[in-house]
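J.: Attaching a predicted model along with its sequence, questions to come.
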Amino acid sequence: MTGMNKNGYLPLSQHKPFHRLCLSSVISGWGDQLTIIGLPWLVLFLTDESWVLGLVLSLFSLPMSLFILFGGIVVDRFSEKKVLLSAKYINFFLLLILSMLLFFDMLTLTILSLLIFIVGVSAAFTIPAASSFLPSIVAKVQLQTANSIGISLRTVISWLGPLTAAFIIGTDKVTASTLSLVFILDAFSFLFSAIILHGIVIKSKVKKTVLNVRESFVQSFSFFWQHKTLRLIVIYVGIVSFFITGPIGVGLPIYIKNELKESADSLGFLMSSQALGIFLGVVLAGKFSKVGGLSMGITLLIADCIVGIAITFLSLNSQLYISFVLLFLIGLVTGYSQVILITWVQQQASPHMLGRLMSIVMFIVMGLAPLSSVISGYLLIYISTITLFSLAGVSLIITTLLVFISTQIATIDKDEVEFTDMY
């Protein structure tokens, strides 16, 4: 085939399906960032109760956690492309409805919660489909570079997305019309993303599983549980996400509003600072697969410890510019570790198991997110965001130290591949 290199696969620079996938991901990622900024302010626009913010955010992550295992089975049974397209069209209509109800002053917390819950269900299918899409179109040896490029592009957009949201919402009082514009832009980002995705043709390399749902669950959990290294690191990452997701997701908007006394656009600028850090971290991961001679496991532990220190310092800070620096640092180390972790997990299964494996990984990693959001929102009734950040940061530092001392995670290397194609 024209353009194939001597190893028998198409270079990424000439890989049109990969280019289309990146463009589709960038557009929908830009829209996602608008909602990430807009949703907390929409909840705070409808109510001042911090526990409600935590509840609404958990209503997005809860169905995502509950249904993501089923989403992985669907992805392995059907085409990744069909599943992803269906989810994008569903999200388009849901966000279009939300924006229209908001614009005409018909949106209530009950309706918002219902819509966000359904979007979360849709995400349960989107995540395993998107995670399985890339390995289905590029060669295995290209995965880390392809992941780095894709995440880098999405991170650039995740830098521009919050800035766009900050510009739309503005520094003045938040209004229904400005918030509705944020959500309608996200809705059409899903539509345009889906249109671009239509042009990608996937050649199935393996026959899709015809097992029933129960057999698929048993098979995928058996596959996961028999791989001790994979099981250990995924559970660890899930615990880490518990200490980060709720405190940052719920606490940061309230921290900006109550502690820093800043307006809604400041959240956009802070998230852009974090996104810029993620971008640089992802670029570094694409160029340097290892930090010196450190193993992948010790690199992840150091990165998480740095994040814990940064969150702790965030609790000691009252200056907006210092918050920019701290969130940039958090983004830098998480961006680097994200690429090497995703690539390692993608290499742990053969293609016909990949959708289910990624859904199990996401189920564990995100499974504690709803609980983290609810607990954070509840705690903020009684404590300040300063105290919440302190608790989260110190807990994360202690966790990484205990894991380093008592487990084998520090010895896990990037090139380890445990799986045998037993199914």
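T.: Okay, I see it.

J.: So, low pLDDT: which residues of this structure?
T.: Within the chain, the set of residues satisfying pLDDT under 70 comprises 1-9, 170-172, 203-214, 216-217, 264, 289-292, 349-356, 414-423.

J.: residues of the lengthiest helix in it that come out buried?
T.: In the chain, assigned by DSSP state H, the helix with the most residues is helix 16-46. Of all the residues in helix 16-46, those buried under the rule 16 or more other Cβ atoms under 10 Å are 17-46. Quick note: C-beta positions are derived from backbone N, CA and C, even for glycine.

J.: Can you show me the helices along the chain?
T.: 16-46, 50-77, 80-103, 109-133, 143-169, 176-197, 213-225, 228-254, 264-287, 296-315, 320-346, 351-367, 369-379, 385-406.

J.: who wins for proximity to Ile412 among those?
T.: If you check each of these against Ile412 by Cβ to Cβ, helix 296-315 wins as the nearest, at 3.6 Å.

J.: What residues does Ser376 make contact with?
T.: By Cβ atoms under 8 Å, 6 or more residues apart in numbering, the contact list for Ser376 reads Gly54, Gly246, Pro247, Gly249, Val250, Gly251, Leu388.

J.: Of the residues you listed - the most surrounded one?
T.: Neighbour count (other Cβ atoms under 10 Å) singles out Val250 as the most crowded of these, with 31 neighbours.

J.: contacting residues around that residue?
T.: Pro40, Ser50, Leu53, Gly54, Leu57, Ser373, Ser376, Gly377, Leu380.

J.: Closest one of those residues to Thr155?
T.: Out of the contacts of Val250, the member with the shortest distance to Thr155 (by Cβ to Cβ) is Pro40, at 20.4 Å.

J.: Pro253 versus that closest one, what's the distance?
T.: 4 Å (Cβ to Cβ, to the nearest Å).

J.: Does Leu232 touch Thr407 like I think?
T.: Yes - shown here, Leu232 and Thr407 form a contact pair, counting by Cβ atoms under 8 Å, at 6.2 Å.

J.: Format the helices of the chain as JSON lines; extra columns: distance to Leu10.
T.: JSON lines is the format used below for these (distance: least, Cβ to Cβ, whole Å):
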{"stretch": "helix 16-46", "distance to Leu10": "8"}
{"stretch": "helix 50-77", "distance to Leu10": "24"}
{"stretch": "helix 80-103", "distance to Leu10": "18"}
{"stretch": "helix 109-133", "distance to Leu10": "16"}
{"stretch": "helix 143-169", "distance to Leu10": "11"}
{"stretch": "helix 176-197", "distance to Leu10": "19"}
{"stretch": "helix 213-225", "distance to Leu10": "30"}
{"stretch": "helix 228-254", "distance to Leu10": "29"}
{"stretch": "helix 264-287", "distance to Leu10": "18"}
{"stretch": "helix 296-315", "distance to Leu10": "28"}
{"stretch": "helix 320-346", "distance to Leu10": "19"}
{"stretch": "helix 351-367", "distance to Leu10": "18"}
{"stretch": "helix 369-379", "distance to Leu10": "37"}
{"stretch": "helix 385-406", "distance to Leu10": "40"}
